[in-house]
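> Need the 3D shape of this:
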Amino acid sequence: QVQLEESGGGMVQAGGSLRLSCAASGGALNNYAMGWFRQAPGKEHEFVAAVPRSAYITYYADSVKGRFTISRDNAKNTVYLQMNSLKPEDTAVYYCAATSMFRSRRRTDFTSWGQGTQVTVSS
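Predicted coordinates for the structure are as follows:
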C-alpha cells in the first residue's frame, strides 16, 4: 500500500487561494489513480477531484469546478490540488487518496488515504 501525506492546508479569507500537496511513498504514483476528498464537520466524505493514472482527463465535483485544479507529477510522486476563489463552504479536512484502478471517483474504490489537512475559509 502506498503511503500518503498531505500538506498545504491553512486558514484563508474568502476569495483566497491555497495549494495542497500529497506526497506518496512506498510505491510509484503512476500505478495509482489519485483523488481528493473532503469532510466538513458533521458531514460525510465528499468527492472533490480525481485524476486517472495517465492524467489524460480530470474530474471535479460541481461545487468546485472552475475553481479547483488537480494535477500530478509522477516524477516527484506528488499530487496537487490548486484551490482558487475559496468560499466558506469549502472549509473541511481535505484528504488525498489512491486507488490501483485506472480511474475512479468513488470513495469506496480508494484504498490508501492520508491523514488529512485542515482548510478553513473565513468570510
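> Give the helix, strand or coil label for the residue positioned nearest the centre of the chain.
Closest residue to the average C-alpha location of the chain: residue 36 at 2.4 Å, with Cα atoms, centre = their mean. Going by DSSP: H, G, I helix; E, B strand; the rest coil, the secondary structure assigned to residue 36 is strand.
> Run through the bridge partners of it.
In this structure, residue 36 has beta-bridge partners residue 49, residue 96, where bridges are defined by DSSP bridges.
> could you check the distance from it over to residue 18?
When Cβ to Cβ, to the nearest Å is applied, the distance between residue 36 and residue 18 equals 12 Å. C-beta: built from backbone N, CA, C; applies to glycine.
> Ok, residue 99 next?
The separation that residue 99 has from residue 18, given Cβ to Cβ, amounts to 24 Å.
> what does residue 27 give?
Here the distance between residue 27 and residue 18 works out to 26 Å (Cβ to Cβ).
> More neighbours: which of the two?
residue 18 (21 against 16; other Cβ atoms under 10 Å).
> I'd like the distance between the spatially closest residue to the more buried one that is not a sequence neighbour and residue 4.
In space, and not counting its chain neighbours, residue 18 is closest to residue 83: 5.0 Å by Cβ to Cβ, 6 or more residues apart in numbering. Counting by Cβ to Cβ, the gap from residue 83 to residue 4 is 18 Å.
> so who does the closest residue in space to residue 122 that isn't next to it in sequence touch?
In this structure, residue 122 finds its nearest non-sequential neighbour in residue 13, 5.5 Å apart by Cβ to Cβ, 6+ apart. Applying Cβ atoms under 8 Å, 6 or more residues apart in numbering, we find residue 13 in contact with 121, 122, 123.
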